[in-house]
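Trainee: Got a sequence here, can you build the structure:
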Amino acid sequence: MQSIQLGGIDYSILIIYSLFVLGIGFALKRFMKSSEDFFLSGRSIPAWITGLAFLSANLGALELVGMAASGAKYGIATSHFYWVGAIPAMVFLAVFMMPFYYGSKARSVPEYLKMRFDERTRCLNSITFAVMTLFASGISMNALAKLLHQLLGWDYNLSLWICSAVVLIYVFKGGLTSAIYTEVLQFFMIVLGFAPVVYLGLKDVGGWDAMTQSLSNVAQDPARLGLAAGSYAPDAWSSAWKPLLGGPTANPMGVDLFAMVFGLGFVLSFGYWCTNFLVVQRAMAARNMSAARRTPLIAALPKMLFPALVIVPGMIAVTLASLGKDGYRLPPKMLVESAYAKAVPAVKEAASQKLDAEAAAKLIGEAAGAKMFTDRVAALLEAAPTLDDKSLRNHLQNAVADTDYDGVILSLVKRYCPSGLLGLALTALLASFMSGMAGNVTAFNTVWTYDLYQAYICPNKSDQHYMWMGRVVTVAGVLLSIACAYFASNYSNAMDIVQLVFGFVNAPLFATFLLGMFWARTTSHGAFYGLLAGTMTSALFHSLTLAAGNTPGLKGGYLGVAQTFPSEMAQNFWLASFAFTACFLLTLVISLATRRTKTNEELKGLVYSLTPKLKDEEQAWYLKPTTIGWALLAGCVVLNFLFW
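Mentor: Below is the predicted model:
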């Protein structure tokens with residue numbers, strides 16, 4: 001992808017936005033008088049603010065870059081991450097779980113586990129959660145640095161460090177409050193920046209009906225565009241449920257109905273939305289119990305409609321590539337300098353030996369570390385004797401068959417955004433990066449300070465000491481996130497690695513919470529060893545499985561390949577299912593075999609059956625969380641039928 005030049009107005013929008021969010025951090029610094037102010041915003045923020053922040057904390061690079069990538073790779077089935085994998089869990093959190101989180105006065109999710117079970121369970125969850133937030137933050141940072149490098153030609157490393165510094169400054173100064181208020185601003189920037197891209201894209205391909213018709217042609221031979229191998233039914237990219245009913249071989253995501261409903265719809269979704277402190281922290285910052293319960297519900301309404309903003313662009317990109325409009329193609333994997341150093345001699349060798357196109361594509365692909373289009377390699381060999389080094393490199397890059405799905409949204413921004421609108425779209429991407437990274441950093445510094453540092457390393461210090469430590473660990477968290485960003489650069493789709501990380505951490509944790517909150521007989525021994533076994537099951541499953549097309553290593557199969565899945569997403573869904581089941585069953589068995597260490601009185605307010613039922617403060621029936629929740633679930637059902 002060729003870099004583009006920003007105009008003066010584009011730079012002005014980027015600079016004004018960056019200065020504004022930095023100003024929020026400096027303006028809120030004077031209100032940071034205690035550790036509770038820094039980590040939990042003093043529990044004083046109105047529900048509509050916490051609701052939009054709850055949504056925006058999840059609106060990082062995963063949402064804009066990852067979902068557009070999955071929209072291209074898997075089609076409208078990606079909407080399951082919303083209508084199956086988000087809304088039901090958000091309703092459950094609001095109706096059933098927030099009363100325990102907020103009412104117990106726990107400062108974090110791990111602290112709730114301490115109150116319900118013991119210190120061991122708290123410590124284990126604190127460590128795994130801290131690792132997860134660093135990876136999630138690193139994924140956001142990697143996505144933005146790749147964006148700036150590919151779209152504007154800025155150096156990847158320099159972009160990574162400078163953008164991280166911006167987030168560091170405003171979180172360092174204003175803590176969670178700064179993150180929450182900037183997240184609200186970022187929500188509106190994201191909508192304003194990307195709505196025009198979707199509108200212009202749909203108009204360019206002839207509207208929704210024309211797009212689905214083109215996608216039906218793509219489904220017959222997706223490999224022609226560098227997508228999945230094989231052939232699918234015409235509605236594989238445009239139908240949400242029908243391809244799943246045909247089994248893993250009938251849809252590009254490679255999953256069946258059980259993996260989707262149980263793995264994503266139950267384990268991963270409830271594990272993420274109900275136990276992930278990153279999002280729960282926003283609700284815990286609300287001014288009262290009523291506002292805390294409304295927070296996920298307020299976030300759920302725009303969340304339900306977000307597929308139009310983040311998934312449809314991926315489908316538009318596939319349609320454009322299918323039509324070959326203006327020479328558009330899905331962004332190929334970018335070859336690095338070391339790949340060119342091996343691939344260029346391979347081209348010359350193939351040309352001198354007069355290899356046929358298939359053999360040459362294999363030779364050059366092995367040298368470059370990427371799959372190659374056979375027909376384009378044939379054209380390259382024919383033209384090679386007359387090409388200079390720069391032209392040869394361009395032809396090599398054009399012959400790469402591997403798709404860089406994370407580059408899809410960037411290619412559309414470049415195509416549709418003139419000066420001014422380009423600055424707005426880039427600011428929206430910057431906002432998504434900042435919200436994703438800041439959300440994870442604020443969750444990380446809270447869990448580290450309260451659940452690890454204060455609990456085990458340096459207890460009984462002054463409140464000011466812990467606020468100082470929170471600022472120090474904010475710096476450390478950003479630096480560690482940068483290291484995780486370099487690891488994330490090994491994946492072509494941000495969604496794949498994020499779901500893998502969630503499977504390791506959230507899937508077994510949800511089993512622990514499910515039993516702990518709704519079964520008083522669950523013991524501390526059962527919770528700890530069950531959670532540990534669930535996490536270890538994730539690691540074992542990953543080490544013995546692999547997605548088709550991958551080689552054993554970072555992406556799995558490093559102890560051997562006992563099972564191969566059609567896609568990385570299918571591998572992740574099944575990993576989560578196994579981890580949840582192992583944790584649930586072992587916690588159940590060990591709890592029945594061991595004694596409870598806490599009485600019913602101690603568990604009051606922590607276990608559903610032992611806690612007085614909460615009476616909603618609102619008199620109007622339509623303001624009650626249960627009523628709003630049912631309405632949201634009904635909306636999800638309607639959307640699923642519309643795109644069946």
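
Trainee: hmm, who's touching the helix or strand where Ala317 lies?
Mentor: Element membership for Ala317, per DSSP states H and E: helix 312-323. Helix 312-323 has contacts (Cβ atoms under 8 Å, 6 or more residues apart in numbering) with 67-73, 75-76, 78, 194, 197-198, 201-202, 204-205, 210-211, 214-215, 217-218, 225, 227, 237-238, 328-330, 405, 408-409, 411-412, 415. Quick note: C-beta positions are derived from backbone N, CA and C, even for glycine.

Trainee: quick one, strands of the stretch 351-500 of the chain?
Mentor: Read by DSSP state E, counting those that start in this stretch, the stretch 351-500 of the chain holds no strands at all.

Trainee: I'd like the mean pLDDT over the helix holding Ala317, please.
Mentor: For helix 312-323, the mean per-residue pLDDT is 86.

Trainee: now do stretch 241-249
Mentor: 80.

Trainee: Now it: buried residues?
Mentor: Across stretch 241-249, burial judged by 16 or more other Cβ atoms under 10 Å covers 241-244, 248.

Trainee: Same question for stretch 155-165.
Mentor: Those would be 156, 159-161, 163-164, for stretch 155-165 by 16+ other Cβ under 10 Å.

Trainee: will you turn those residues into TSV that also has pLDDT, secondary structure and distance to Leu55?
Mentor: Converted to TSV, those look like this (pLDDT from 0 to 100; DSSP: H, G, I helix; E, B strand; the rest coil; distance: Cβ to Cβ, whole Å):
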residue	pLDDT	secondary structure	distance to Leu55
Tyr156	79	helix	29
Ser159	79	helix	26
Leu160	79	helix	26
Trp161	83	helix	28
Cys163	77	helix	22
Ser164	79	helix	23
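
Trainee: Quick check: the two most widely separated of the residues you listed?
Mentor: Tyr156 and Ser164 (12.5 Å; Cβ to Cβ).

Trainee: Around Tyr456, how many other residues sit close by?
Mentor: 12 (other Cβ atoms under 10 Å).

Trainee: any idea which of the buried residues of stretch 155-165 is the one closest to Ser481?
Mentor: Ser164 (7.1 Å).

Trainee: Now the closest one. Nearest residue, chain neighbours left out?
Mentor: Nearest non-adjacent residue to Ser164, counting by Cβ to Cβ, 6 or more residues apart in numbering: Val478, 5.3 Å away.

Trainee: Not including adjacent chain positions, what is the nearest residue to Ala136?
Mentor: Of all residues not flanking Ala136 in the chain, Asn440 sits nearest, at 4.9 Å (Cβ to Cβ, 6+ apart).

Trainee: Same check on Phe510?
Mentor: Spatial nearest neighbour of Phe510, excluding adjacent residues (Cβ to Cβ, 6+ apart): Gly271 at 3.5 Å.

Trainee: who touches Ala383 in this structure?
Mentor: Ala383 neighbours (Cβ under 8 Å, 6+ apart): His395.

Trainee: ok, now Ser567?
Mentor: 74, 228, 252-255, 547-548.

Trainee: Now intersect the residues you listed with the strands, please.
Mentor: Among these, the members falling in strands (DSSP state E) are Ala547.

Trainee: Output the contacts of Ser567 in JSON lines; the columns should cover distance to Ala520 and neighbour count.
Mentor: Formatted as JSON lines, those follow (distance: Cβ to Cβ, whole Å; neighbours: other Cβ atoms under 10 Å):
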{"residue": "Tyr74", "distance to Ala520": "41", "neighbour count": "30"}
{"residue": "Ala228", "distance to Ala520": "48", "neighbour count": "21"}
{"residue": "Pro252", "distance to Ala520": "45", "neighbour count": "25"}
{"residue": "Met253", "distance to Ala520": "39", "neighbour count": "25"}
{"residue": "Gly254", "distance to Ala520": "40", "neighbour count": "22"}
{"residue": "Val255", "distance to Ala520": "36", "neighbour count": "28"}
{"residue": "Ala547", "distance to Ala520": "41", "neighbour count": "19"}
{"residue": "Ala548", "distance to Ala520": "45", "neighbour count": "14"}
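
Trainee: Turn the contacts of Ser567 into JSON lines, columns for pLDDT and distance to Ile49.
Mentor: Listed next are these as JSON lines, based on pLDDT from 0 to 100; distance: Cβ to Cβ, whole Å:
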{"residue": "Tyr74", "pLDDT": "85", "distance to Ile49": "34"}
{"residue": "Ala228", "pLDDT": "69", "distance to Ile49": "42"}
{"residue": "Pro252", "pLDDT": "80", "distance to Ile49": "39"}
{"residue": "Met253", "pLDDT": "78", "distance to Ile49": "36"}
{"residue": "Gly254", "pLDDT": "77", "distance to Ile49": "40"}
{"residue": "Val255", "pLDDT": "79", "distance to Ile49": "37"}
{"residue": "Ala547", "pLDDT": "79", "distance to Ile49": "40"}
{"residue": "Ala548", "pLDDT": "76", "distance to Ile49": "45"}
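
Trainee: Pull the most distant pair out of the contacts of Ser567.
Mentor: Checking the contacts of Ser567 with Cβ to Cβ, the most distant pair is Tyr74 and Ala548, at 14.3 Å.

Trainee: what number of residues lie near Val318?
Mentor: 26.

Trainee: What distance do you get for it to Leu227?
Mentor: 7 Å (Cβ to Cβ, to the nearest Å).

Trainee: For those two, list the residues in contact with both.
Mentor: The contact sets of Val318 and Leu227 overlap at 72, 218, 330 (Cβ under 8 Å, 6+ apart).

Trainee: can you pick the most crowded of those residues?
Mentor: Ala72 (32 neighbours).

Trainee: how about Met334, phi and psi?
Mentor: phi -80, psi 130 (degrees, to the nearest 10).

Trainee: just to revisit the earlier point, was I right about the residue nearest to Ser164 contacting Val166?
Mentor: No - using Cβ atoms under 8 Å, Val478 is not in contact with Val166, being 10.3 Å away.

Trainee: and those two? which has more neighbours close in?
Mentor: Val478 (25 against 19).

Trainee: Tell me which residues touch the more buried one, please.
Mentor: Val478 neighbours (Cβ under 8 Å, 6+ apart): 137, 164-165, 167-168, 441.

Trainee: Let me see the ranges of the helices in the stretch 101-250 of the chain.
Mentor: Listed in chain order, the helices found in the stretch 101-250 of the chain under DSSP state H, counting those that start in this stretch are 109-116, 119-152, 156-205, 208-220, 242-245.

Trainee: oh, I was asking about the stretch 451-600 of the chain
Mentor: Using DSSP H, counting those that start in this stretch, helices in the stretch 451-600 of the chain cover 463-488, 494-518, 524-544, 568-593.

Trainee: and the shortest one, how far from the chain's centre?
Mentor: Same thing as helix 524-544. 23 Å (Cα atoms, centre = their mean, to the nearest Å).

Trainee: ditto for stretch 330-344
Mentor: Relative to its chain's centre, stretch 330-344 lies at 27 Å (Cα atoms, centre = their mean).

Trainee: same deal with stretch 344-354?
Mentor: Using Cα atoms, centre = their mean, the offset of stretch 344-354 from its chain centre is 42 Å.

Trainee: With stretch 467-487 instead?
Mentor: Worked out by Cα atoms, centre = their mean, stretch 467-487 lies 19 Å from the chain centre.

Trainee: Can you give me the buried ones in it?
Mentor: Those would be 467, 469-471, 473-474, 477-478, 480-482, 484-485, for stretch 467-487 by 16+ other Cβ under 10 Å.

Trainee: swap in stretch 603-613?
Mentor: 603, 606-607, 611.

Trainee: tell me the domain boundaries of the chain?
Mentor: 8-322+409-642, 337-402 (automatic domain parsing).
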